[in-house]
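> Model the following, please.
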Amino acid sequence: VKACVILLVAVVAALAITSLCTNNGIELQTTFQQGLMLKSWGALAGASIVTAFAAVGIDMLIKRFLSKIVNKVNSLHFSNLWLPLVAALLGGLFLFLLLGTSLASLLPESIAGRVENINFNQHSVRERGYFYLDAIRIFKDYPLFGTGGGGWSSLYQSYQSYPYVSRQSHNFFVQILDDVGIFGSLIIFSFIIIILALYIRYSIKEKHVERHSFPFFILAVALLGHALIDFDMSYAFISALVYISLGGLFAASRGSSPSVKYMSYLNKYKWLYPTFLGLISLVMIVVSYRMYLGNGKAQAVLDSFATGEVNLEDTQVKLDGALKLHPTNTDYALLKVNLYNQSFTQDKNPQTVQDGEKILQKLEKNEPYLIESYEYRYSWAMEQGQYAAAIENAEGLLRQNPWSAVYYERAMYLHQLLGEQAKAAKDSDTSTLHWNRVLELSQQVLAQQARIAKVPKSITIGSPLVVTRNMALPLGEVQYARGSYAEASATLQPFLTADLEDQANKLVIRYYLAALTKQGLSDPSWYDKLIAKDVNEKAAIEQLVAQGS
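So this is what the prediction gives:
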């Protein structure tokens with residue numbers, strides 16, 4: 001009873017300062033003002049002090065005037081259980097009134113707006129549905145032991161139903177399924193369920209809920225319940241609270257009076273626990289300090305990148321030092337690969353690529369889903385004209401993110417180029433294989449667009465996948481090479497542009513005009529524009545027409 005009254009006072013105090021703190025917070029995000037910040041903190045501190053004094057006053061009032069009534073209520077069987085349930089029911093009734101009546105208008109504007117927008121058609125609700133389905137798809141591919149820690153953040157782009165950015169699946173339980181699979185999930189969830197079951201069983205057997213342990217039960221169940229729709233457990237503090245609460249429940253479920261023999265044993269070896277904690281603390285201090293030093297060295301490298309004042313030898317020494325202090329840090333290793341990549345861009349030394357490749361191979365042993373590995377290898381292969389290697393990595397990037405237009409452009413361009421080279425070498429089978437892939441990728445883009453069209457309008461699409469000029473050009477070239485002139489002109493026509501400084505735009509017009517000529521058609525306007533810009537295009541078009549099938 002006392003707790004419910006104090007909670008009500010805290011709610012009133014919170015509502016009283018919500019509008020002030022919310023409005024000030026929005027303004028502070030735009031422009032920092034020390035006075036406004038102090039005013040907000042002052043309001044929060046004032047409300048906290050008032051609530052604290054009110055709690056003390058309520059406690060004294062109850063002890064002086066209502067202690068008999070409260071003690072009688074508390075002495076009832078399971079009073080610690082059914083009183084919170086009654087409070088929860090009253091809270092549910094209040095929520096129903098907020099949603100179903102005009103009661104919400106009495107709340108502060110910032111809260112009233114959020115309450116009025118609560119419904120199952122909200123974008124956040126629908127988005128979570130897609131997140132969960134995508135997480136289940138990952139789980140189906142890695143059912144037994146999962147993907148490893150951070151599997152969702154590394155793989156979600158490969159499985160997402162539409163383009164979005166979310167490093168969390170917003171559900172603790174499906175994210176655990178992704179990370180550790182059925183085997184690990186059974187261990188984790190069994191641990192949680194067994195402790196909760198032991199505590200409930202003990203409470204039923206004793207016909208009383210321990211006043212000191214029940215808050216642990218409320219905290220654990222509330223946080224785990226909310227973790228069904230959000231990523232609370234990804235925060236170390238929240239996760240620690242849950243497991244501390246489970247420890248409290250387990251202790252309570254064993255009874256509150258340990259045996260004399262057990263206490264004697266604890267007293268005899270009471271030095272063990274603080275000694276163990278002390279050693280662990282020392283280890284963590286040393287490890288944390290090493291990480292701090294490593295971060296300082298890596299930050300110095302980032303600062304040099306930002307200013308453009310990069311001394312390769314000095315930067316490499318700093319990165320080696322950072323990796324020595326924190327060998328498993330993926331970001332430091334990728335920074336070193338980036339350094340090698342910049343060096344290769346300047347001097348084209350193949351040894352630099354080999355050094356970067358060694359780091360990537362080492363990284364992939366622990367981080368097999370790194371998209372950066374494909375990016376660097378693609379870049380190195382293109383720089384060296386190794387198109388066969390480049391296409392392997394371009395396809396890898398496409399598998400990692402099938403919603404990126406850039407990755408489709410790269411793959412389609414390379415497949416068209418390799419098909420053209422194979423045709424020139426009289427290798428028709430290889431040419432057919434590559435050109436068919438260009439057509440497959442164009443159909444895949446259309447299929448992805450159809451999937452986006454099915455997404456509810458209330459959901460904001462991150463970066464919609466659209467057909468670009470750099471997709472249409474290789475597709476049009478393949479269609480032209482195969483004699484599908486009407487299809488080629490239709491593919492290229494939407495991407496005609498008067499910006500003829502760009503060689504790709506000139507190529508689009510060239511193939512478009514050649515495809516029209518093959519059909520016995522013409523477009524004098526675009527022909528004149530192209531020839532006016534570059535008289536050599538006339539011969540290029542004639543040569544293209546002569547080469548056509």
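> The residue lying closest to residue 367 once chain neighbours are set aside and residue 460: what is the separation?
Closest residue to residue 367 apart from its sequence neighbours, by Cβ to Cβ, 6 or more residues apart in numbering: residue 330 at 5.6 Å. For every residue, glycine as well, the C-beta is placed using N, CA and C. Going from residue 330 to residue 460 by Cβ to Cβ, to the nearest Å gives 30 Å.
> tell me the contacts of the residue nearest to residue 367?
Residues near residue 330 by Cβ atoms under 8 Å, 6 or more residues apart in numbering: 363, 366-367, 370.
> repeat that for 10 Å
The contact partners of residue 330, by Cβ atoms under 10 Å, 6 or more residues apart in numbering, come to 363, 366-367, 370, 372.
> Can you list which of the residues you listed are found in helices?
Among the contacts of residue 330, the ones falling in helices (DSSP state H) are 363, 366, 372.
> which residues of the stretch 201-350 of the chain score low on pLDDT?
207-211, 255-266, 310 (pLDDT under 70).
> again but with the stretch 401-549 of the chain, I slipped
In the stretch 401-549 of the chain, residues with pLDDT under 70: 548-549.
> And the helices in it, which stretches?
405-424, 428-453, 469-481, 485-492, 503-518, 524-533, 537-547 (DSSP state H, counting those that start in this stretch).
> Make sure residue 448 is actually in contact with residue 398.
No - the pair residue 448 / residue 398 is not scored as a contact, 11.1 Å apart, by Cβ atoms under 10 Å.
> Comparing the two, which shows the higher neighbour count?
residue 398 (21 against 18; other Cβ atoms under 10 Å).
> relative orientation of the one helix or strand that one maps to and helix 428-453 in degrees?
Element membership of residue 398, judged by DSSP states H and E, is helix 387-400. With axes from the mean of the first three to the mean of the last three Cα atoms, to 10 degrees defining the directions, helix 387-400 sits at 20 degrees from helix 428-453.
> mind listing what's buried in the helix or strand hosting residue 53?
Residue 53 belongs to helix 34-61 when assigned by DSSP H and E. By 16 or more other Cβ atoms under 10 Å, the buried positions in helix 34-61 come out as 40, 43, 47, 51, 54-55, 58.
> sorry, back to before: quick one: which of the ones in helices among the contacts of residue 330 is most hemmed in?
Of the ones in helices among the contacts of residue 330, with other Cβ under 10 Å as the count, residue 363 tops at 18 neighbours.
> Give me the residue at the spatial middle of this protein.
residue 167 (1.1 Å; Cα atoms, centre = their mean).
> isn't that residue right up against residue 155?
No - with contact defined as Cβ under 10 Å, residue 167 and residue 155 do not form a contacting pair (11.4 Å).
> Going along the chain, name the helices of the stretch 1-150 of the chain.
2-30, 34-61, 67-75, 79-100, 109-116, 123-141.
> any idea which of those scores lowest on pLDDT?
Least confident of the helices of the stretch 1-150 of the chain, judged by mean pLDDT, is helix 109-116 with a mean of 60.
> Please list all residues in contact with the residue nearest to the centre of the chain.
150, 152-154, 156, 231, 234.
> any idea whether it is helix, strand or coil?
coil (DSSP: H, G, I helix; E, B strand; the rest coil).
> hmm, back to that, now do the shared contacts for residue 448 and residue 398.
residue 408.
> circling back: and the angle for the helix holding residue 53 with helix 2-30?
Using the same axes, to 10 degrees: helix 34-61 against helix 2-30 is 180 degrees.
> for helix 34-61, packing partners?
When contacts are defined as 3 or more Cβ pairs under 10 Å, 6 or more residues apart in numbering; DSSP states H and E, helix 34-61 sits against helix 2-30.
> which of the residues in the helix it packs on are buried?
6, 9-10, 13-14, 17-18, 20-21, 24.
> Just say helix, strand or coil for the closest residue to residue 136 other than its chain neighbours.
The shortest distance from residue 136 to any non-neighbouring residue, by Cβ to Cβ, 6+ apart, is to residue 174 (6.5 Å). Three-state call for residue 174 (three-state DSSP): helix.
> how much space between residue 174 and residue 143?
Counting by Cβ to Cβ - residue 174 and residue 143 are separated by 13 Å.
> Strands along the stretch 201-350 of the chain, start to end?
With DSSP state E, counting those that start in this stretch, there are no strands along the stretch 201-350 of the chain.
> quick one, helices of it?
Using DSSP H, counting those that start in this stretch, helices in the stretch 201-350 of the chain cover 214-226, 236-253, 260-268, 272-307, 312-325, 330-347, 350-366.
> Check which helices and strands the longest one sits against.
What that stands for is helix 272-307. Right, helix 272-307 is packed against helix 312-325, helix 330-347 by 3+ Cβ pairs under 10 Å, 6+ apart.
> got the ones you listed as TSV, with distance to residue 493 columns?
Listed next are these as TSV, based on distance: least, Cβ to Cβ, whole Å:
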stretch	distance to residue 493
helix 312-325	48
helix 330-347	37
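> quick one, which of those helices is nearest to residue 391?
helix 330-347 (19.6 Å; Cβ to Cβ).
> Also compute the angle for the closest one relative to helix 350-366, please.
Going by the same axes, to 10 degrees, helix 330-347 makes 160 degrees with helix 350-366.
> Include distance to residue 436 when you put the buried residues of helix 2-30 into JSON lines, please.
Putting the buried residues of helix 2-30 into JSON lines (distance: Cβ to Cβ, whole Å) gives the following:
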{"residue": "6", "distance to residue 436": "71"}
{"residue": "9", "distance to residue 436": "72"}
{"residue": "10", "distance to residue 436": "67"}
{"residue": "13", "distance to residue 436": "69"}
{"residue": "14", "distance to residue 436": "63"}
{"residue": "17", "distance to residue 436": "65"}
{"residue": "18", "distance to residue 436": "61"}
{"residue": "20", "distance to residue 436": "65"}
{"residue": "21", "distance to residue 436": "61"}
{"residue": "24", "distance to residue 436": "61"}
